[in-house]
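**Q** I need the structure of the sequence given here:
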Amino acid sequence: MPPTTPKPTSPGRLRWLILGLLFGAATINYMDRFILSVLKPVIMQDLHWTESNYASVVFCFQLAYAVGLLGVGRFIDRLGVRTGLAIAIGLCAFASASHSLATGLFGFCAARLALGLAESGTWPGCAKAVSEWFPRKERAIGMGCVNAGSAVGATITPLIVPVILKFIAWPFAFLVTASLQLLLLVAWLVGYRSPDQHPRVKKTELAYIRSDPEPPAVKIAWVQLFRHRQTWAFLIPKGLSDPVWWFYLFWVPGFLAQQYGIPGRSAAETTAFLATPVMVVYIMADIGSVTGGWLSMKLINRGWSINAARKSVMLGCALCVLPVALVSQHIGLWPSVLLIGLAAGAHQAFSANLFTVATDTVPKNAVSSVAGIGGMAAAVGGMFVAKAVGFILDATHSYAIPFLLAPVAYLIALAVLHTLLPKMEVMRLEAKF
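**A** Sure, this is the predicted structure:
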């Protein structure tokens, strides 16, 4: 009889459990962000806000987020993911709870400033954790799953908010997300370690995680990162594409309420009415996020280069966003929901691959710093988009301009990425003396 070929040993599954923690962090992070958007009809009615007032609150979050991202990546690179994200999660719980004490525009602006600073650590930390726990060929699916957490958070929130409003006043909704942050903090401290320090990691899995060649780690100055094309290839596309996602996140519920809400309903009834349409949008975003990462990994496994796989998926995503320009033309509730959902899913797939480009081209000891720089660019873009959208809506009472401009951002972002990194070269850092 011919000798039996031994089955290959599984490298282990601990990295997927770690990914579950990161998914949870992203989910609760986005519940904190999105709850203001879902509560918008109630808060605007109770506090007598205009669209510009609401835009100012969004602007404060984006401003603090941008300021936080200036240094948080460096902070996490120095402290490590476990300590850095633990501090960020704890601060998020405090900032979220502070919203329940706000009674006017100033209070909300202060609370959103605090939340923006606290949340600035989540995505750089998640990107660094994925780069530590996954080899290059699995990083797109890893970031896709983390990215899906943002859409899951945005899916859950419109379902739980009407239930909360049915029994208690809207300020207490912010205490719910604060409590979830505290539970996450406990789970994080118990479950997370780096691969080298985790007591449950198998030798085979550790070897698998380390299977990619890595340039030697060097101590670098933060400003040195701006000398490299890899930083700009992440920064500019991130700054162009993410503000579109912020627009969906903060204004889609209001858009659907304005276009298709039934006159005479209370703000709480309108919030409940929007729960299912908004949920569908973000379920589609979930699917897009995971599918984008999976498709990229599948193409690589079939022999495509990392460069071709990432960019081909991103081009497909950019094309899928184009039909969203039609939704401002009163095409109906569910056609609008499906086109916005398609655009949101395409954004998430685009974003998952863009984040993975950073982990592909930046050494592990600088991933959080570069992710923070890119996130800062996105937040700055989101600040100006927020003010612009508020001004446009107060002036025109129409969403036509924002929905027309949104699709263009992705094609420009991909063109910039390909121009700066035509071959996806890895950054070579010089030591700081």
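**Q** sec struct for Ser398, please.
**A** coil (DSSP: H, G, I helix; E, B strand; the rest coil).
**Q** cool, and Leu206?
**A** Three-state secondary structure (criterion: three-state DSSP) places Leu206 in helix.
**Q** find the nearest non-adjacent residue to it, please.
**A** Among residues not flanking Leu206 along the chain, Pro195 sits closest, at 5.7 Å (CB to CB, 6 or more residues apart in numbering). For every residue, glycine as well, the C-beta is placed using N, CA and C.
**Q** ok, that neighbour to Val130 distance?
**A** For Pro195, the distance to Val130 (CB to CB, to the nearest Å) stands at 12 Å.
**Q** who's more crowded, those two?
**A** Set side by side, Pro195 and Val130 show unequal neighbour counts under other CB atoms under 10 Å, the larger going to Val130 at 28 against 18.
**Q** residues contacting the residue lying closest to Val281 once chain neighbours are set aside?
**A** The shortest distance from Val281 to any residue other than its chain neighbours is 4.4 Å, reached at Gly341 (CB to CB, 6+ apart). Residues in contact with Gly341, defined by CB atoms under 8 Å, 6 or more residues apart in numbering, are 280-285.
**Q** element containing the residue lying closest to Ile287 once chain neighbours are set aside?
**A** In space, not counting the residues next to it along the chain, Ile287 is nearest to Gly345; the distance is 5.7 Å by CB to CB, 6+ apart. When secondary structure is defined using DSSP states H and E, the element that contains Gly345 is helix 333-361.
**Q** can you tell me the SS state at Met427?
**A** Under three-state DSSP, Met427 comes out as coil.
**Q** tally of neighbours for it?
**A** The local packing count at Met427 equals 20, with neighbours defined by other CB under 10 Å.
**Q** what's near enough to touch the closest residue in space to it that isn't next to it in sequence?
**A** Once flanking residues are discounted, Met427 sits nearest to Gln230: 4.2 Å by CB to CB, 6+ apart. Contacts of Gln230 were listed using CB under 8 Å, 6+ apart, and they are 358, 361-362, 370, 420-421, 425-427.
**Q** which residues of the stretch 151-300 of the chain score low on pLDDT?
**A** Scanning the stretch 151-300 of the chain for pLDDT under 70 picks out 213-222, 261-271.
**Q** now do the helices in it.
**A** For the stretch 151-300 of the chain, the helices defined by DSSP state H, counting those that start in this stretch occupy 173-191, 203-209, 229-260, 267-301.
**Q** those helices: which one's closest to Phe403?
**A** Using CB to CB as the measure, helix 229-260 is the one of the helices of the stretch 151-300 of the chain that comes nearest Phe403, at 8.4 Å.
**Q** how about that closest one: buried residues?
**A** Of the residues in helix 229-260, those buried by neighbour count under the rule 16 or more other CB atoms under 10 Å are 230-257, 260.
**Q** which phi and psi does Thr210 have?
**A** Quick fix: residue 210 is Arg, not Thr. Dihedral angles of Arg210 (phi, psi; degrees, to the nearest 10) stand at phi -90, psi 10.
**Q** neighbours around it, how many?
**A** Applying the criterion other CB under 10 Å, we find 12 residues in the vicinity of Arg210.
**Q** so who does it touch?
**A** If a contact means CB under 8 Å, 6+ apart, then Arg210 has 135, 195 as its contacts.
**Q** now the nearest residue to Val81 once chain neighbours are set aside: how far from Ala358?
**A** Excluding its sequence neighbours, the residue lying closest to Val81 (CB to CB, 6+ apart) is Ala129, at 4.7 Å. In this view, Ala129 and Ala358 are 13 Å apart by CB to CB.
**Q** also Tyr260?
**A** In this structure, Tyr260 and Ala358 are separated by 38 Å, where distance is defined by CB to CB.
**Q** rounded mean pLDDT for the strand or helix carrying Val72, please.
**A** For Val72, the host element (DSSP H and E) is helix 51-79. Helix 51-79 shows a mean pLDDT of 84 in the predicted model.
**Q** now find how far off-centre it is within its chain.
**A** Put simply, helix 51-79 sits 13 Å off its chain's centre (CA atoms, centre = their mean, to the nearest Å).
**Q** now do that helix: which elements does it pack against?
**A** Based on contacts counted as 3 or more CB pairs under 8 Å, 6 or more residues apart in numbering; DSSP states H and E, the elements that helix 51-79 packs against are helix 14-47, helix 81-98, helix 105-119, helix 122-133, helix 229-260, helix 367-396.
**Q** tell me which of those helices is the most buried.
**A** Compared across these, helix 122-133 shows the largest average neighbour count, a mean of 28 (mean count of other CB atoms under 10 Å).
**Q** can you redo the contacts of Gly341 as a markdown table with distance to Leu159?
**A** Converted to a markdown table, the contacts of Gly341 look like this (distance: CB to CB, whole Å):
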| residue | distance to Leu159 |
| --- | --- |
| Val280 | 11 |
| Val281 | 13 |
| Tyr282 | 10 |
| Ile283 | 11 |
| Met284 | 15 |
| Ala285 | 15 |
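**Q** which one of the residues you listed is nearest to Leu165?
**A** Comparing every one of the contacts of Gly341 with Leu165 (CB to CB), the shortest separation belongs to Tyr282, at 19.2 Å.
**Q** that closest one against Gly149, yeah?
**A** No: look at Tyr282 against Gly149 with CB atoms under 8 Å: they stay out of range, at 11.0 Å.
**Q** tell me which of these two has more neighbours.
**A** Neighbours per residue, other CB under 10 Å: of Tyr282 and Gly149, the larger number sits with Tyr282, 29 against 25.
**Q** let me know the secondary structure of Met424.
**A** Following three-state DSSP, we place Met424 in the coil state.
**Q** surely it meets Asn307?
**A** Yes: taking contacts as CB under 8 Å, Met424 lies within contact range of Asn307: 4.1 Å.
**Q** contact partners for the nearest residue to Leu274 once chain neighbours are set aside?
**A** Taking CB to CB, 6+ apart as the measure, Leu274 lies nearest to Pro253, with 5.2 Å between them; neighbours along the chain are not counted. Under the criterion of CB under 8 Å, 6+ apart, the neighbours of Pro253 are 37-38, 40-41, 158, 271, 274, 278.
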